[in-house]
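Asker: Here you go, sequence then predicted model.
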Amino acid sequence: MANGNPQSDPLTQDPEIQQCFQSLPKYVQETIHQSGVKITSKQQLQQCADHLTGK
């Protein structure tokens, strides 16, 4: 049995979100991964990153 469905995760499937994610500092990337938050848009990703970096 597989764990989750990575094909339904915009963080790994949407090229624009992927590019934005890869541009973030490594500690922000790790924190987002470890939190388990489901990123569904570039705007949501940016809000998470801003929160984590104190912007």
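Answerer: Thanks, I have the structure now.
Asker: where in the protein is pLDDT low?
Answerer: 1-8 (pLDDT under 70).
Asker: Quick one: the helices in it, in order.
Answerer: Ranges of helices within the chain are 10-13, 15-22, 26-35, 42-53, based on DSSP state H.
Asker: ok, Cys20 touching Gln46?
Answerer: Yes - under the criterion of C-beta atoms under 8 Å, Cys20 lies in contact with Gln46, with a separation of 6.9 Å. Where you see a C-beta, it was placed from the backbone N, CA and C, and this is true even at glycine.
Asker: about what we covered before: could you export the helices of the chain as JSON lines, including mean neighbour count?
Answerer: Shown next, in JSON lines, are the helices of the chain (neighbours: other C-beta atoms under 10 Å):
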{"stretch": "helix 10-13", "mean neighbour count": "15"}
{"stretch": "helix 15-22", "mean neighbour count": "14"}
{"stretch": "helix 26-35", "mean neighbour count": "13"}
{"stretch": "helix 42-53", "mean neighbour count": "15"}
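Asker: Name the nearest residue to Thr31, ignoring sequence neighbours.
Answerer: Leu52 (5.6 Å; C-beta to C-beta, 6 or more residues apart in numbering).
Asker: and that neighbour, what is it in contact with?
Answerer: 28, 31-32 (C-beta atoms under 8 Å, 6 or more residues apart in numbering).
Asker: And it, how far from Gln13?
Answerer: Note on Leu52: its distance to Gln13, by C-beta to C-beta, to the nearest Å, is 22 Å.
Asker: now do Gln22
Answerer: In terms of C-beta to C-beta, Gln22 sits 14 Å off from Gln13.
Asker: Repeat that for Pro25.
Answerer: 22 Å.
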